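Student: please find the sequence and the predicted model below.
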Amino acid sequence: MNAMRGAAAYGRGASAYARVGVESGVMSASPHQLIVMLFDGALAAMRAARLHMEAGNVAEKGRAISKALDIVNNGLAAALDAEKGGEVAERLGALYDYIARLLLSANLHNDVQSLSQAESLLESVASAWREVGAQAGSE
């Protein structure tokens with residue numbers, strides 16, 4: 001029984017330590033780095049959803065897809081500035097909307113193909129975003 005309590009306490013401690021690390025990273029990140037973190041979080045949630053889908057774990061798949069949706073809708077899409085971004089922001093907004101619909105379809109129908117397409121599209125945008133950051137950092 002003590003070993004179980006110790007493991008649980010360790011798990012809580014490790015979780016708290018990870019939260020502090022993430023919070024510290026967010027506090028010290030540039031706006032560009034924050035967007036990269038959003039991409040990374042959404043893509044990680046999509047990978048987790050795929051694993052849960054393949055394992056038949058419906059509840060965890062739903063949680064992972066919900067997390068990805070939340071990041072896409074309330075993080076990435078919400079960060080778009082239509083005034084400054086113009087047509088690029090408009091097109092990204094439409095793409096994020098399409099990715100959200102793919103995620104909803106993947107969740108509703110256990111559709112790995114929709115999940116893969118959403119992940120591929122988001123990875124393409126994330127890759128371009130990382131490249132812009134790398135070029136800006138080298139100037």
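Tutor: Everything's here; your move.
Student: right, and the helix or strand after the helix or strand hosting Y96?
Tutor: Here Y96 sits within helix 82-109, counting by DSSP states H and E. Sequence order places helix 112-138 as the next helix or strand after helix 82-109, per DSSP H and E.
Student: could you list the low-pLDDT ranges of this protein?
Tutor: 1-28, 137-139 (pLDDT under 70).
Student: cutoff 80 now
Tutor: 1-29, 133-139 (pLDDT under 80).
Student: circling back: so the helix holding Y96 versus helix 112-138, what angle?
Tutor: Relative orientation of helix 82-109 and helix 112-138, computed by axes from the mean of the first three to the mean of the last three CA atoms, to 10 degrees: 150 degrees.
Student: in helix 82-109, what counts as buried?
Tutor: A89, L92, G93, L95, Y96, I99, A100, L102, L103, S105, A106, N107 (16 or more other CB atoms under 10 Å). For every residue, glycine as well, the C-beta is placed using N, CA and C.
Student: then stretch 69-77?
Tutor: L69, I71, V72, G75, L76, A77.
Student: so of the residues you listed, which ones are in helices?
Tutor: Among these, the members falling in helices (DSSP state H) are L69, I71.
Student: can you redo the buried residues of helix 82-109 as JSON lines with distance to A55?
Tutor: Below are the buried residues of helix 82-109 laid out as JSON lines (distance: CB to CB, whole Å):
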{"residue": "A89", "distance to A55": "38"}
{"residue": "L92", "distance to A55": "33"}
{"residue": "G93", "distance to A55": "33"}
{"residue": "L95", "distance to A55": "29"}
{"residue": "Y96", "distance to A55": "28"}
{"residue": "I99", "distance to A55": "23"}
{"residue": "A100", "distance to A55": "24"}
{"residue": "L102", "distance to A55": "21"}
{"residue": "L103", "distance to A55": "18"}
{"residue": "S105", "distance to A55": "20"}
{"residue": "A106", "distance to A55": "15"}
{"residue": "N107", "distance to A55": "15"}
